[in-house]
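Engineer: Sequence first, then the predicted structure:
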Amino acid sequence: MFSKMRLAKKSILIFFLMPLSSWATCDATIESIQQGVDNLSGYHSLQRTDAEKQLTLYTTATDDCTLYVALSSENNFQFIGQHQHIPYHIASSSSLLSGQVSRIAVEDGQASFALTIAAGTPVKAGQYRDRLTLQLMNENNEVLDDYELNVDVNIPANVSLSLLGFSSSHNVVNLGELVANKEYTMLPTLKVVTNADVAIKVDSENKGKLIHTLYQSRFAIDYSLIMNGRNIDLKQRSVKTFSFSDQTVFLLPLKIKLAQFQNQAAGHYSDTVRFQISPLNY
């Protein structure tokens, strides 16, 4: 009878001890979020490496907590601006991306991750934003704390103009023998690298005339310039615009066509044409 009583007492003690262990709670909060390397604003689509903004979340928690951070994006992991949506992803050694939520394990009281734009992504200059919601959760998927983070990205306009195949910013074109009404196609090609809409200004020093080296304006030959199939009025400064439209590199071939002429003096004729590029609306 005594042994039976002891067994009954033990069973009662076990019954009460098991729920006490399962009721243990994890007291954890988000203490701070600190930013590390951030090169998103300097991104351009011709770079060979990804651009990223590094972030580290710090927590305060008891020792027996198993935690992770769930990240959700207001714009489904896209930076949205006036011109386009820029996709990005969450990079972390301990992350799992599932649909619109990324989960990152908390280790030693912190979770590090990066917002990453993949190299080669076409991006137009402008202001972009997304809002992240960070939820600190325990192993039972209970939300212990949350934090909202606005991420602003400013991509500045970046444009360049060069002559394809030439390292210098200027070049001398020799047309050879000048023939009336002839079109000359063996000219350099302009190479435009841009992440914005651009304007190209074209100036002719002699207002669209090839001037004799010795006799100057006494003997002149009119000519027209054709840039990427578009006639350029050289009698005054001309401005041609080009839209970005996910195209980072423009190749603009140049041609020259001489007007009708006769009884011109023998010798050398020349003109200087200048090209200047600038971004639009920045």
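Structural biologist: Ah, there it is. Numbering: from 1, shown residues only.
Engineer: ok, now how distant is residue 211 from residue 71?
Structural biologist: 66 Å (CB to CB, to the nearest Å). In this view, the C-beta of every residue, glycine as well, is placed from N, C-alpha and C.
Engineer: Give me the more crowded residue out of the two.
Structural biologist: residue 71 (24 against 20; other CB atoms under 10 Å).
Engineer: I'd assumed residue 131 was in contact with the more buried one.
Structural biologist: No - Residue 71 is beyond contact range of residue 131, at 11.1 Å (criterion: CB atoms under 8 Å).
Engineer: The chain: helices as residue ranges?
Structural biologist: Under the criterion DSSP state H, helices of the chain are mapped to 2-22.
Engineer: middle-most residue in it, spatially?
Structural biologist: In the chain, the residue lying closest to the centroid (CA atoms, centre = their mean) is residue 123, at 3.8 Å.
Engineer: Give me the neighbour count for residue 28.
Structural biologist: Around residue 28 sit 20 other residues, with neighbours defined as other CB under 10 Å.
Engineer: quick one: it and residue 145 touch, right?
Structural biologist: Yes - taking CB under 8 Å as the definition, residue 28 is a contact partner of residue 145 at 6.8 Å.
Engineer: which neighbours do those two share?
Structural biologist: Residues touching both residue 28 and residue 145 (CB atoms under 8 Å, 6 or more residues apart in numbering) are residue 136.
Engineer: Ramachandran coordinates for residue 77?
Structural biologist: With angles defined as degrees, to the nearest 10, residue 77 sits at phi 60, psi 50.
Engineer: can you pull the contacts of residue 185?
Structural biologist: Counting by CB under 8 Å, 6+ apart, residue 185 touches 253, 255.
Engineer: ok, now residue 146?
Structural biologist: Counting by CB under 8 Å, 6+ apart, residue 146 touches 30, 133-136.
Engineer: Having no further points to raise, I will conclude here.
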